[in-house]
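Engineer: Prediction below, plus the sequence it came from.
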Amino acid sequence: MTQPTPVRRAPNVLRPFRVLDACCCIGGGTEGYRRAFGPDCHITGVDIEPQPDYRGDDFHQGDAIAFILAHGHEFDFIHISPPCQGEGAPTKGTNKARNAAIGRTYPHLIGPARAALQTTGRPYVIENVPGSEVRKDIRLCGEQFGLGVLMHRYFELGGWTASQPVHPRHRGRVRGWRHGEYHEGPYVAAYGKGGGKATVEEIRTAKGIDWATDHLRLREALPPAYTEWIGAAYLATLVPRLEVAA
């Protein structure tokens, strides 16, 4: 069945522009949308785990998809970053047999998230890793923003579109051990521990996140620059409509 075109609204001073950041973690995505949408936005985060360092205006602990189904229509723009542990190439390839042997499983929430979002009538974004089933509308990389991480991520855009930005050539390798050989490079490995991987301070600097010190959550967080770009791209789609209205 064809989905209706989502209702799109620009930020203004008459009432807050309401953003939902689902599976928000510490709010790396939230901070980026704050920068893009400005002071007249109100951002609510939802996560299955407590997030004492969450960056937004309001936080609800609970199931993100259930929250979208119940409240998604109350927001002007929705972002969700479903858990990626079961979506990437290592889980589906290199580690598949080992995970099966020990009974380790991961949730696959991209399909259910998409279905929930499509019921809201609101523009949305689904973010995930290479290898996931998220539609590859936009690919962002830390090098596009001069960051100290590569961290390729894909963004599915629902109810709106944007053009893929240029992906510049990487300046070198990610620092650390790989296949028994140590490499220097301009980027840090902001995942895992040991083997030359990034420290808390290195991740904070590399991603541009200065409000949290939890190593695991810093590793999972989106760099704010990514969603600042996404938010600005969304606002750009509203300019022609605003001009006609004026």
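Structural biologist: Done, it's in. Numbers count the residues shown, from 1 in each chain.
Engineer: going forward, measure contacts between C-alpha atoms and count neighbours the same way
Structural biologist: OK.
Engineer: Ranking helices and strands of this protein by mean pLDDT, which lands last?
Structural biologist: helix 89-92 (a mean of 50; mean pLDDT, DSSP states H and E).
Engineer: nearest spatial neighbour of W211, skipping sequence neighbours?
Structural biologist: Once flanking residues are discounted, W211 sits nearest to D53: 7.1 Å by CA to CA, 6 or more residues apart in numbering.
Engineer: in the chain, which ranges drop under the pLDDT threshold?
Structural biologist: 1-4, 13, 85-106, 239-246 (pLDDT under 70).
Engineer: hey, where'd the helices end up in it?
Structural biologist: In the chain, the segments counted as helices under DSSP state H are 28-37, 64-71, 89-92, 96-102, 110-117, 200-207, 215-220, 224-245.
Engineer: which of those helices sits most buried?
Structural biologist: helix 28-37 (a mean of 24; mean count of other CA atoms under 10 Å).
Engineer: re earlier: possible to save the helices of the chain as a markdown table with distance to G158?
Structural biologist: A markdown table is the format used below for the helices of the chain (distance: least, CA to CA, whole Å):
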| stretch | distance to G158 |
| --- | --- |
| helix 28-37 | 16 |
| helix 64-71 | 14 |
| helix 89-92 | 24 |
| helix 96-102 | 31 |
| helix 110-117 | 8 |
| helix 200-207 | 26 |
| helix 215-220 | 23 |
| helix 224-245 | 11 |
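Engineer: Can you list the buried residues in stretch 164-181?
Structural biologist: Neighbour-count burial for stretch 164-181 flags V174, R175, G176 (criterion: 16 or more other CA atoms under 10 Å).
Engineer: The last one reaches A190, doesn't it?
Structural biologist: No. Assessed by CA atoms under 8 Å, G176 is found out of contact with A190, at 10.6 Å.
Engineer: Looking at the helices of the chain, which is nearest to R8?
Structural biologist: R8 lies closest to helix 224-245 among the helices of the chain, at 7.9 Å (CA to CA).
Engineer: thinking again about what came up before, tell me which of the helices of the chain sits nearest to L157.
Structural biologist: Using CA to CA, the helices of the chain put helix 224-245 closest to L157, at 9.4 Å.
Engineer: just to revisit the earlier point, which single one of the buried residues of stretch 164-181 is nearest to P107?
Structural biologist: V174 (28.6 Å).
Engineer: picking up where we left off before, of the helices of the chain, which is nearest V149?
Structural biologist: helix 200-207 (5.8 Å).
Engineer: any idea of the angle that closest one forms with helix 28-37?
Structural biologist: 30 degrees (axes from the mean of the first three to the mean of the last three CA atoms, to 10 degrees).
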